[in-house]
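Undergrad: Here is my input, please return the structure:
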Amino acid sequence: MADMFSEVNRNKWNSIFLIFIFIIIITLIGLGLGNFWGNIYAGAILAAIFAFFYTLIVFNSGDKMILSMSGAKEVKKQDYPHLYHSVEGLAIAAGIPTPKVYVIEDSALNAFATGKDPKKASITVTTGLLNKLNRQELEGVIAHEMSHIKNYDIRFMMLTAVLVGITVLLSDFFLRSMLYGGKGSNDRNNSHAIFLIIGLVLAILAPIFVELIKLAISRKREYMADASGAILTRYPEGLASALEKIKQDPDPLVDKANKATAHLFISNPFSKKNLSKLWSTHPPIDDRIKRLRSM
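TA: Numbering: from 1, shown residues only. Model (predicted):
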């Protein structure tokens, strides 16, 4: 129990730290633009205000952004009764409010949870997962995601996904501004040079952020969710068997997944030919299965 409370506390502080770093980076970008405009203080203040309000939006609506970009559709009890009953029952067992339930039309076997806290959380599964797992296996997967919700993993994972996404978009914006700005006066050429520098810096930062996701969303986090989920169902074999089927999935690619959201899923959502230890956001499935079967 102490481990769970320390993990919740760690996730809350990690979220604050991530927001702080994001605001600092955007403010530094504002300093660079302000220097070009002739007023570094105005640039820094405008950038800081943007970062602050964007963070507020992400904090309150980041889960909706993630669900939308993932192609997830909310479902009701009458749509998928067995799925809904499993979520309801495990939420009661976990002592948290029942999360909303979403489904992605995709043949891949995968699932994820998102939200800012247990009161405003959701669990999403693919139709492939629903079609190929039996009841006990499905409960194992849902219990894993329920553990992410209870441990507040979802808040940090959500913030990481969306803040990485905006970094990539900013990188693209500055690079396009440089490439398509055309030729003109010396001032305009100087502008292009500044956009190029900022764009290149952000282009370097974006993949570094993606790599930091792998470090922040640590193997311990996934192992802990596996163990907590197994305790929740009191049947570790259910999740172990589900992970075996996920491992054997011939087409694990979730069409609308991307590097910013990959860490949310229970298993890496990219095709096997694209998997590598360098970019893996998850511990090896074989290790996870072994640990579950040793419980």
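
Undergrad: When you work out contacts or count neighbours from here on, use the C-alpha atoms and nothing else.
TA: Fine.

Undergrad: surely residue 75 meets residue 103?
TA: Yes: if you go by CA atoms under 8 Å, residue 75 and residue 103 touch, sitting 6.8 Å apart.

Undergrad: Which one's more surrounded, these two?
TA: Taking other CA atoms under 10 Å, residue 75 and residue 103 do not tie; residue 103 has more neighbours (23 against 16).

Undergrad: helix, strand or coil for that one?
TA: strand (DSSP: H, G, I helix; E, B strand; the rest coil).

Undergrad: need the contact list for it.
TA: If a contact means CA atoms under 8 Å, 6 or more residues apart in numbering, then residue 103 has 72, 73, 74, 75, 124, 125, 126, 127 as its contacts.

Undergrad: Ends of stretch 224-240, what's the gap?
TA: 14 Å (CA to CA, to the nearest Å).

Undergrad: ditto for stretch 112-125
TA: 7 Å.

Undergrad: about what we covered before: nearest to residue 146 among the contacts of residue 103?
TA: Taking CA to CA as the measure, residue 146 lies nearest residue 124 of those, at 11.0 Å.

Undergrad: next structured bit after the helix or strand bottoming out on mean pLDDT in the chain?
TA: Here the helix or strand of the chain ranked lowest by mean pLDDT, DSSP states H and E is helix 186-216, holding a mean of 62. Note on helix 186-216: by DSSP states H and E, the next helix or strand toward the C-terminus is helix 219-233.

Undergrad: List phi and psi for residue 100.
TA: phi -70, psi 160 (degrees, to the nearest 10).

Undergrad: hang on, I meant residue 39
TA: Taking degrees, to the nearest 10 as the convention, residue 39 sits at phi -150, psi 90.

Undergrad: Distance-wise, check it relative to residue 48.
TA: 14 Å.

Undergrad: just residue 116 next, same as before
TA: Counting by CA to CA, the gap from residue 116 to residue 48 is 22 Å.

Undergrad: go on, residue 114?
TA: 26 Å.

Undergrad: These two: which is more packed in?
TA: For residue 114 versus residue 48, the count of surrounding residues by other CA under 10 Å is larger for residue 114: 31 against 22.

Undergrad: so the more buried one bridges to which residues?
TA: residue 122 (DSSP bridges).

Undergrad: In contact with it: list those residues for me.
TA: Per CA under 8 Å, 6+ apart, neighbours of residue 114: 63, 121, 122, 123, 149, 154, 155, 157, 158, 264.

Undergrad: Was I right to think the last one contacts residue 112?
TA: If I follow you right, that is residue 264. Yes: between residue 264 and residue 112 there is a contact under CA under 8 Å: 5.5 Å.

Undergrad: For residue 290, the count of nearby residues, please.
TA: 11.

Undergrad: so it, which of the three states?
TA: helix.

Undergrad: Show the pLDDT at it.
TA: Residue 290 is assigned 95 on the pLDDT scale.
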